[in-house]
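Enquirer: Sequence plus predicted model, see below.
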Amino acid sequence: MLRVACCVLRVSIAALLFHCAFSAVDVPAQRVEGSNFKVVDLFDPPYERQIKSMIEGARWRHQDSQTVVNDAKVQTFRTNGAVELIIEAPEAFYDDTHKAVNSAGPVQFRTADGRFFLSGVGFLWLQTNSILYISNRVQTIVFPELTEIGSLVASTNSPAQTNKGVTVFSDRFQYIKDSGIGIYTGNVRAVGTNVDFKGKSDVMEVLVPVGEHQLQTITMTDKVTLDYENVEATGQKAVYTAATGLAKITGSPTWHDENQRQGRGDELVIDRTNKTFRANGQAWVKMPAQSMGTNGFLSSTTNSAAGTNQFVEVFSDYYEFRTNSTANSVLFGDHVCMVDSTNGITNGTLTAATMLVTLLSTNELQSMVAQKNVVIENDENQFTGEKAVYTATNGILELTGNPAWRAGQRKGNGDLILADLKRQEMEVRTNAWMRVPSSQLGPSTAMTQTSSATQRKPPVITQSSPSGSKGQKSLIEWPQMEPDTATLLKGAEQKRQFNNIAARTNSSSAPNTRPSTNEFADIYSETYTVTTNTARFEGGVRIIHPRLNWVCQTMNVDSPNPNTKDVTMTAEQAVEFNLKAGTDENQLQDVHGTCNHAVYNYAVTSSGTNDTMTLTGNPILETTNGIIKNKILILDYANNKLITPGKYKIYGTNATTTPIPTNVFRMPTGGKKK
């Protein structure tokens with residue numbers, strides 16, 4: 001309705017100007033001059049004695065219906081006699097027939113209290129309808145007091161030019177007194193220091209503060225652009241509300257800044273009071289990866305190359321940039337998904353319910369906090385938890401709330417995960433658990449025995465424990481035995497006791513997972529630390545492996561070559577292990593051992609396989625048929641041999657004194673030491 005009225009108004013203006021020009025040319029009249037020009041228009045009843053508007057001038061000259069007024073001044077009044085609006089021009093034409101004032105020269109328009117001031121070139125004032133039209137170079141100043149509810153300034157006859165407020169520039173301006181609405185059209189620009197934004201559009205609408213009117217809204221439409229600090233936002237419509245200080249942009253709004261960041265949403269909101277910039281609905285933001293520090297926890301060293309072609313994109317229901325503190329921040333909310341990519345290829349992702357990113361004054365990442373259903377992935381690696389905190393200064397990623405990790409076929413969990421992404425080191429604390437392919441801790445089954453080892457050999461009857469000279473090594477081959485019923489029961493009892501110990505050790509740390517199959521090994525401890533090629537387990541360590549089970553206080557695992565299955569395992573403090581020597585459990589050929597220090601080494605070289613365990617610190621080996629003690633015991637799994645440097649002792653399992661039973665161990669041929 002308003003736009004239709006504006007179109008009619010333009011037609012009326014054109015007709016009026018044409019009529020004035022035609023009258024001046026075709027109907028010349030005698031020239032009359034005078035001073036103190038004054039024309040008054042009164043209100044309709046019941047205020048017929050009150051002045052509605054008044055046109056004044058210092059001098060005038062009249063020709064037919066046209067009157068040239070010098071120092072023209074137009075005022076409008078309220079029914080109580082108070083002045084509302086003032087229009088002033090150095091020279092204007094008054095048309096008595098149409099009750100209109102117009103001029104091609106400069107004009108000023110202001111409210112009586114001086115809070116709204118407008119200037120331009122070329123105007124038309126229709127006295128009957130109180131409509132003002134300015135045709136060129138419009139500039140408006142809305143003072144700060146108008147944008148603060150309840151704050152008024154004293155009336156003045158001229159604007160206080162030292163004040164700063166919203167300044168509006170446009171080609172044209174229309175004002176309708178009855179509605180109090182002013183409409184700017186053509187190259188509209190609004191600059192406001194008090195509202196912290198600059199804007200431009202094709203059309204802008206304001207409520208001119210006349211009388212009790214307060215500036216309520218500024219509405220921009222058609223190709224809107226707003227500048228907020230270093231952000232330029234565009235859309236089809238923007239509404240600034242003075243009461244809240246919010247500027248809302250709709251109509252497919254987008255934004256970008258000087259730091260190569262850009263974004264969009266269904267609605268963009270600028271909050272000048274709280275200094276925030278927010279996107280609501282289908283929100284998206286894109287920024288250089290360096291500013292988010294994502295080379296650490298989203299990009300791996302193999303798939304990421306830092307550069308201008310690496311970006312981070314964040315999809316969410318909303319996000320909010322906050323600049324109200326020394327450290328800027330961005331809050332992403334509801335269904336957050338962050339994607340790191342290089343040349344369009346995804347390096348890694350992060351998903352969570354919410355994410356708070358804190359930025360330094362240089363717009364570089366300071367910290368990141370993601371919460372609820374957090375999942376961080378790149379390549380075959382994954383972190384999960386209820387909360388993830390990343391600190392850029394030290395490169396530490398901290399996960400809590402049932403945190404877990406996965407790297408290829410390896411995985412684990414605990415109460416707290418600390419990942420040092422700069423040093424590529426991970427620490428898992430309290431109730432820690434890890435599952436790895438069993439081949440990474442040695443072969444899954446016992447080495448295949450030679451035919452000579454599996455054949456029944458005639459026993460060597462020994463009346464006392466053999467001993468060796470200092471510095472020499474004794475070799476004992478492990479035969480495939482068939483123990484009697486008493487020995488079977490004794491061996492079964494040993495296995496049961498070991499399993500009870502293993503079950504009691506760190507039982508509270510066991511995860512709700514299915515038992516390990518022949519393809520995997522489970523490791524339990526209070527804490528463990530993992531680097532690229534090493535792992536250290538501490539506190540109630542328990543390893544369940546298809547071939548070799550462990551119980552100890554600390555365990556170090558070294559895998560120097562990631563392309564092979566070579567491994568060195570060092571167990572310390574109250575070490576206990578159980579080696580499954582064969583696949584037929586009924587033969588009970590397992591070896592049970594205890595010591596304070598054990599080193600297991602497995603390596604495959606061109607010359608053969610090294611599969612040994614060295615025991616020190618009061619080592620003891622037990623089988624179903626015998627017990628062996630020595631200062632050093634070396635188990636050669638590859639060759640099914642036991643090496644005992646120096647003196648050693650062998651006991652039978654059903655007797656604690658010598659001589660030992662027969663059919664227990666077979667010494668090398670002739671019983672000679674090698």
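Expert: Yep, that arrived. Values in this document were obtained by computation on a predicted structure and should not be read as measured data.
Enquirer: Give me the contacts around the helix or strand harbouring residue 200.
Expert: When elements are assigned from DSSP states H and E, residue 200 belongs to strand 197-207. The contact list for strand 197-207 (CB atoms under 8 Å, 6 or more residues apart in numbering) reads 140, 142, 168, 170, 180-192, 213, 215-228, 238, 240, 247, 270, 272. Where C-beta positions appear, they are placed from N, C-alpha and C, glycine not excepted.
Enquirer: again, but for stretch 392-409
Expert: For stretch 392-409, the external contacting residues (CB under 8 Å, 6+ apart) are 293, 296-297, 364-368, 374, 376, 380-391, 411-423, 426, 428, 436-437, 520.
Enquirer: quick one: which of those residues sit in strands?
Expert: Assigned to strands by DSSP state E, the following of the contacts of stretch 392-409 qualify: 365-368, 374, 376, 381-391, 411-413, 416-420, 426, 428, 436-437, 520.
Enquirer: returning to what we had before: report the buried members of the contacts of strand 197-207.
Expert: The neighbour-count test (16 or more other CB atoms under 10 Å) marks 140, 142, 168, 170, 180-185, 188-192, 215-216, 218-221, 224-228, 238, 240, 247, 270, 272 as buried among these.
Enquirer: Put the alpha carbons of the helix or strand hosting residue 73 into PDB.
Expert: When elements are defined using DSSP H and E, residue 73 is found to belong to strand 66-77. These are the backbone C-alpha positions of strand 66-77, laid out as PDB (Å, rounded to 0.1, in the frame of the first residue of the first chain):
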ATOM      1  CA  GLN A  66       3.600  30.600  -8.300                       C
ATOM      2  CA  THR A  67       5.200  32.300  -5.400                       C
ATOM      3  CA  VAL A  68       9.000  32.400  -5.000                       C
ATOM      4  CA  VAL A  69       9.800  32.300  -1.300                       C
ATOM      5  CA  ASN A  70      13.300  33.300   0.000                       C
ATOM      6  CA  ASP A  71      14.600  31.600   3.200                       C
ATOM      7  CA  ALA A  72      11.600  29.300   3.100                       C
ATOM      8  CA  LYS A  73      10.600  27.500   6.300                       C
ATOM      9  CA  VAL A  74       7.900  24.900   6.700                       C
ATOM     10  CA  GLN A  75       6.700  23.800  10.100                       C
ATOM     11  CA  THR A  76       4.200  21.200  11.200                       C
ATOM     12  CA  PHE A  77       2.500  21.200  14.600                       C
END
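Enquirer: what's across from the closest residue to residue 200 other than its chain neighbours in the sheet?
Expert: When the adjacent residues along the chain are set aside, residue 200 lies closest to residue 189, with 4.2 Å between them (CB to CB, 6 or more residues apart in numbering). Counting by DSSP bridges, residue 189 forms beta bridges with residue 169, residue 200.
Enquirer: And residue 189, how far from residue 171?
Expert: Taking CB to CB, to the nearest Å as the measure, residue 189 and residue 171 are separated by 10 Å.
Enquirer: ok, the closest residue to residue 376 other than its chain neighbours - contacts?
Expert: The shortest distance from residue 376 to any non-neighbouring residue, by CB to CB, 6+ apart, is to residue 383 (4.3 Å). Shown here is residue 383, whose contacts under the criterion CB under 8 Å, 6+ apart are 297, 374-377, 397, 399, 403-405, 417, 419.
Enquirer: Out of those, the closest to residue 53 would be?
Expert: Among the contacts of residue 383, residue 374 lies closest to residue 53 (CB to CB), at 67.8 Å.
Enquirer: picking that back up, if you average pLDDT over the strand holding residue 200, what comes out?
Expert: Mean pLDDT, strand 197-207: 79.
Enquirer: and it, how far from the chain's centre?
Expert: Computed by CA atoms, centre = their mean, to the nearest Å, the separation of strand 197-207 from the middle of its chain amounts to 34 Å.
Enquirer: could you point out which element follows it?
Expert: Scanning the chain past strand 197-207 towards its C-terminal end, the next helix or strand to appear is strand 217-228 (assignment: DSSP H and E).
Enquirer: could you give the angle of that next one to strand 197-207?
Expert: Computed by axes from the mean of the first three to the mean of the last three CA atoms, to 10 degrees, the angle separating strand 217-228 from strand 197-207 equals 170 degrees.
Enquirer: Strand 217-228 pairs with which strands?
Expert: Strand partners for strand 217-228, identified by DSSP bridges, are recorded as strand 197-207 (antiparallel), strand 231-241 (antiparallel).
Enquirer: Quick one: mean pLDDT for that strand?
Expert: For strand 217-228, the mean per-residue pLDDT is 83.
Enquirer: Equivalent analysis for stretch 246-263, please.
Expert: Throughout stretch 246-263, pLDDT has a mean value of 90.
Enquirer: Just the residues contacting it, thanks.
Expert: 195, 197, 199, 224, 226, 228, 230-241, 264-272, 277, 279, 283-288, 291, 319, 363.
Enquirer: now the end-to-end length of it.
Expert: Counting by CA to CA, to the nearest Å, you get 19 Å between the two ends of stretch 246-263.
Enquirer: And that stretch, what's buried?
Expert: By neighbour count, with 16+ other CB under 10 Å as the criterion, the buried positions of stretch 246-263 are 246-250, 253-257, 261-263.
Enquirer: all helices for the stretch 1-150 of the chain, in order.
Expert: Shown for the stretch 1-150 of the chain, the helices assigned by DSSP state H, counting those that start in this stretch span residues 2-26.
Enquirer: Please enumerate the strands of it.
Expert: In the stretch 1-150 of the chain, the segments counted as strands under DSSP state E, counting those that start in this stretch are 32-42, 51-63, 66-77, 83-95, 100-111, 116-126, 131-142.
Enquirer: so which of those strands comes closest to residue 627?
Expert: Go through the strands of the stretch 1-150 of the chain one by one with CB to CB and the one that ends up closest to residue 627 is strand 131-142, at 97.9 Å.
Enquirer: Run me through the strand neighbours of the closest one, direction for each.
Expert: Here the strand partners of strand 131-142, with direction, are listed using DSSP bridges: strand 116-126 (antiparallel), strand 166-170 (antiparallel), strand 172-176 (antiparallel).
Enquirer: for the record, mean pLDDT for the last one?
Expert: Yep, that's strand 172-176 we're talking about. In this model, strand 172-176 has a mean pLDDT of 90.
Enquirer: Same question for stretch 76-84.
Expert: The average pLDDT for stretch 76-84 rounds to 88.
Enquirer: Residue 127 reaches residue 101, doesn't it?
Expert: Yes: under the criterion of CB atoms under 8 Å, residue 127 is in contact with residue 101, at a separation of 7.0 Å.
Enquirer: Find residues that contact each of the two.
Expert: Common neighbours of residue 127 and residue 101 (criterion: CB under 8 Å, 6+ apart): 55, 74.
Enquirer: which SS state does residue 179 fall under?
Expert: With DSSP: H, G, I helix; E, B strand; the rest coil as the basis, residue 179 sits in coil.
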